[in-house]
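*Asks:* need a 3D model of the sequence below.
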Amino acid sequence: MKRNNCLVVGATSLVGKFLLPRMAGAGYSITAVSRDVQPHSGLTKETSIKWVRLDLSSDPLSSMGKEDIETVISLAPIWVTATFAQSLPPSARRLVALGSTSVHTKAASPSAGERALAAQLRDAENSVMESCARQGIEWTILRPTMIHGQGLDGNVAAIARFITRFRFFPLVGQGLGLRAPVHAGEVAHAALAALESENAVDKAYDISGGETLTYRMMVERIFEGLGRKPRIARVPLWVARGGLRILSFLPPFGHLNPALADRMSVDMVFDLSPAKIDFEYSPGPFRPDMGATSQ
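*Replies:* All right, here's what the predicted structure looks like:
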């Protein structure tokens, strides 16, 4: 049975790689938007997917022409969503957008840059809500934490790349801060489930993986995923901060920030019960798939 026509923004993202096959299998007619020329392998022959190359940070949705879009899933950064959400297709009645739990975890960071990011996320969320309310469109915002998958993410894969390059991993203190990484496939499942749930209308949810473990346990699990025996070196906080600052100048680790060292002992877990109740979100345990990082 063919379902409504859904516009998927950021279709070639890591989450999109898992979302599009799921939606196609469920009978959706999909208009997939991305800046990337090449869609994910294995999806180019899907007759239910129409690919549109568009940079929504500079090109409005109106440049696509008139499409009978009923629902929208945005996998783009929430501030990009906030921009195009100001003028959604007139036929659209529902929007599901991805935010980030960084709106919570980085709001009080010692890093001015991270505090600014949290403020940007919060402002973008508010803008999406206001734009949808003005246009009479139902919305849901999902805030994933530590998305991982196939060695293509910037979270678990970043730790794996460090381990692969240096054969060990530095840990501040005991590394007892709690984490619950979420697989990209589970985020994709949540996005589609929220889209189809009347209970998720006009709500925001924090979503994580189904297993809570300490930062140290998470790192040990990544070692195991790489087929390596864990080699963890405990270092003083000031050493870790300095090392991260130096690493941030290297291309593979440019996203690293000294504030990461402070967070190794901070709990970053979230209440999943609203998502479980409203759209039966049920994530599994942390099983890192290393992909290219295992090479």
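*Asks:* domains for the chain, by residue range?
*Replies:* Domain ranges of the chain: 5-144, 146-182+210-269+285-295, per automatic domain parsing.
*Asks:* what distance do you get for the residue in the chain sticking out farthest from the centre to residue 242?
*Replies:* Distance from the centre of the chain peaks at residue 236, with 30.6 Å (Cα atoms, centre = their mean). Computed as Cβ to Cβ, to the nearest Å, the residue 236 to residue 242 distance reads 10 Å. Every C-beta, even on glycine, is put in place using the N, C-alpha and C of the backbone.
*Asks:* quick one: low-confidence parts of this structure?
*Replies:* Counting by pLDDT under 70, the chain contains low-confidence residues at 1-3, 36-47, 57-67, 238, 247-248, 251-259, 291-295.
*Asks:* what about the strands in it?
*Replies:* Read by DSSP state E, the chain holds these strands, from start to end of the chain: 5-9, 29-34, 49-53, 71-74, 94-98, 138-144, 147-148, 169-172, 178-179, 182-183, 203-207, 213-214, 232-235.
*Asks:* what residues are up against residue 95?
*Replies:* By Cβ atoms under 8 Å, 6 or more residues apart in numbering, the residues touching residue 95 are 71, 72, 73, 74, 85, 88, 128, 132, 137, 138, 139, 140.
*Asks:* from residue 223, how far off is the spatially closest residue to residue 175 that is not a sequence neighbour?
*Replies:* Leaving aside its sequence neighbours, residue 175 sits nearest to residue 216 (Cβ to Cβ, 6 or more residues apart in numbering; 3.5 Å). According to Cβ to Cβ, residue 216 and residue 223 sit 11 Å apart.
*Asks:* what's the neighbour count on the closest residue to residue 121 other than its chain neighbours?
*Replies:* Of all residues not flanking residue 121 in the chain, residue 103 sits nearest, at 4.1 Å (Cβ to Cβ, 6+ apart). For residue 103, the neighbour count with other Cβ atoms under 10 Å is 22.
*Asks:* wait, isn't residue 103 in contact with residue 126?
*Replies:* No - assessed by Cβ atoms under 8 Å, residue 103 is found out of contact with residue 126, at 10.5 Å.
*Asks:* report how many residues lie close to residue 211.
*Replies:* Neighbour number of residue 211 under other Cβ under 10 Å is 17.
*Asks:* list phi and psi for it.
*Replies:* Dihedral pair for residue 211: phi -120, psi 130, per degrees, to the nearest 10.
*Asks:* relative to strand 94-98, how tilted is the longest helix along the chain?
*Replies:* Ordering each helix of the chain by length in residues (DSSP state H) puts helix 112-135 first. Between the axes of helix 112-135 and strand 94-98, defined by axes from the mean of the first three to the mean of the last three Cα atoms, to 10 degrees, the angle is 180 degrees.
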